[in-house]
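> Can you look at this prediction? I've put the sequence above it.
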Amino acid sequence: MIRKMLLPVALAAATGLAAASAQASDDGDEMAASAPRAEWMSVDAIAAKLKDKGYTVREIEAERNGYEVEMTSADGMRVKAYLDPMTGEPMERRGDLD
């Protein structure tokens, strides 16, 4: 009887582990996948693009899948944005909807 129960329990545990690892890969702090870094816009190009839009850039950090930028808008508001490394346009990070 124990052998008959062991297989279903093992299968259930394996299924639960697979689901947990798949969920862990959808970390809310990750941005969408991007191109290789050799193809990214330079930090100077990102800064110039933001300056042309009226922002004062305080900090630009290259993250795993794009740029994290802290800046101030023309009306003095502090802004934190995650930019696509290929276009310099804002990206929505998973988990930002809460």
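Looks like it came in fine.
> can you dump the C-alpha coordinates of stretch 48-56 into CSV?
C-alpha atoms of stretch 48-56 as CSV (Å, rounded to 0.1, in the frame of the first residue of the first chain):
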residue,chain,number,x,y,z
ALA,A,48,21.4,63.3,-24.4
LYS,A,49,18.0,61.9,-25.4
LEU,A,50,16.6,62.7,-21.9
LYS,A,51,18.1,66.2,-21.9
ASP,A,52,16.4,66.9,-25.2
LYS,A,53,13.1,66.0,-23.6
GLY,A,54,13.7,68.5,-20.8
TYR,A,55,15.0,66.2,-18.0
THR,A,56,18.0,66.7,-15.8
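> May I see the buried residues of that stretch?
Of the residues in stretch 48-56, Lys49, Leu50, Tyr55 count as buried by neighbour count, 16 or more other Cβ atoms under 10 Å. Bear in mind the C-beta positions are built from the backbone N, C-alpha and C, glycine included.
> List the contacts of it.
Applying Cβ atoms under 8 Å, 6 or more residues apart in numbering, the contact partners of stretch 48-56 are Met41, Val57, Val69, Met71, Thr72, Ser73, Ala74, Val79, Gly88.
> returning to what we had before: using JSON lines, lay out the buried residues of stretch 48-56 together with distance to Glu63 and secondary structure.
Formatted as JSON lines, the buried residues of stretch 48-56 follow (distance: Cβ to Cβ, whole Å; DSSP: H, G, I helix; E, B strand; the rest coil):
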{"residue": "Lys49", "distance to Glu63": "17", "secondary structure": "helix"}
{"residue": "Leu50", "distance to Glu63": "16", "secondary structure": "helix"}
{"residue": "Tyr55", "distance to Glu63": "18", "secondary structure": "coil"}
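> Ala74: which element?
Under the criterion DSSP states H and E, no helix or strand holds Ala74.
> tell me the contacts of it?
Taking Cβ under 8 Å, 6+ apart as the criterion, Ala74 is in contact with Gly54, Tyr55.
> Quick check on it: phi, psi?
phi -60, psi -30 (degrees, to the nearest 10).
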